[in-house]
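*Asks:* Attaching a predicted model along with its sequence, questions to come.
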Amino acid sequence: MVSSEQRRKQLAREKYLRQQQRRAEARRKGRIRNASIAGGLALVLAAGGAYAAAGGLAAGDKKADKASAEPSAPPTSKAPDPCEKPAKGEPSEKHWKKEPKMSIDTSATYTMKLETTCGDIEIEMDAAKTPRTVNSFEFLAGEGYLDHSPCHRLVNQGIYVLQCGDPTGTGTGMSEDGKVQQPGYSIPDENLDDPKVKKGTYPAGTVAMANRYNAQTKEGRDSGGSQFFLVYEDSQLPPDYTPFGTVTEGMDVLKKIADAGMTPDPQTGNTKPNATVVIDKATVRKK
């Protein structure tokens, strides 16, 4: 015969076990969700979002972008738009068949200034470690290629980045007729062994290239174009994205943009900043 006290203890043990099982299951689901966000959104940083589907920061087509963002779309948040109206002008439709010839001084330091609707951001670029990346941006800025282009993606969960550099504002990097991958040429990966990112953390202030690299298939190396991302909080990412610069002014601008939140865009699969972030003017100068 089981006494009432024994029965009470048995029920208490069963309740405790059920609680432990529920907690273990919640932790398991949390690990899966976080891995999905960190891995998937890492790909989002790539030039178009294919990384999200495969685990990286890729510049992919519309289908890849959409598929990458849907499985683990982070929650949205709304806040007043903290930015000004864009300057008059249209995004560039230029493209080139070949990477520009080297014209920079690889022993010098170059600064890229982004005059945005949310404030100015200055990026110090390392021409010694990333010569072809810096040379490309010096060329693109001189051609006005980044002027009037929106920053099309904000990620505020798992990784913390603002992605820019696609005049189409879609993240696909494709021309309006769908025939040309902007800017028409690709540049190689550089500086992937940089000590700052080697251990899988891109520190706050890092500016790196997006690309179409797929970590699962190991395909898509050396596929950088014009898209880049600015890290506003330390972010866990594999060292697959060329770190070519550091934000020297404007971290407060990035924080303002991040604080305004983002909204998933079902048309492109991006998580679009709520802030109206447009690069009114980009310039590169030798220090």
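*Replies:* Happy to help now that I have it.
*Asks:* how about the CA coordinates for stretch 91-109, as PDB?
*Replies:* These are the backbone C-alpha positions of stretch 91-109, laid out as PDB (Å, rounded to 0.1, in the frame of the first residue of the first chain):
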ATOM      1  CA  PRO A  91      21.400  54.600 -59.000                       C
ATOM      2  CA  SER A  92      24.100  53.600 -61.400                       C
ATOM      3  CA  GLU A  93      23.400  51.100 -64.200                       C
ATOM      4  CA  LYS A  94      27.000  50.900 -65.400                       C
ATOM      5  CA  HIS A  95      28.800  47.700 -65.700                       C
ATOM      6  CA  TRP A  96      32.200  46.600 -67.000                       C
ATOM      7  CA  LYS A  97      33.500  43.400 -68.600                       C
ATOM      8  CA  LYS A  98      36.900  43.400 -66.800                       C
ATOM      9  CA  GLU A  99      38.300  44.200 -63.400                       C
ATOM     10  CA  PRO A 100      40.000  47.700 -63.500                       C
ATOM     11  CA  LYS A 101      43.700  47.800 -64.000                       C
ATOM     12  CA  MET A 102      45.700  48.400 -60.800                       C
ATOM     13  CA  SER A 103      46.200  52.100 -60.300                       C
ATOM     14  CA  ILE A 104      46.600  52.500 -56.600                       C
ATOM     15  CA  ASP A 105      49.700  52.800 -54.400                       C
ATOM     16  CA  THR A 106      49.700  49.500 -52.500                       C
ATOM     17  CA  SER A 107      52.100  51.000 -49.900                       C
ATOM     18  CA  ALA A 108      49.500  53.700 -49.000                       C
ATOM     19  CA  THR A 109      46.400  53.800 -46.900                       C
END
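*Asks:* Centre of the chain to it, how far?
*Replies:* Relative to the chain's own centre, stretch 91-109 is displaced by 22 Å; criterion: CA atoms, centre = their mean, to the nearest Å.
*Asks:* Quick check: beta-bridge partners of the nearest residue to Glu233 once chain neighbours are set aside?
*Replies:* Excluding the flanking residues, the one nearest Glu233 by CB to CB, 6 or more residues apart in numbering is Tyr160, at 3.7 Å. C-beta here means a position set from N, CA and C on the backbone, and glycine is covered the same way. Tyr160 forms beta bridges with Asn156, as assigned by DSSP bridges.
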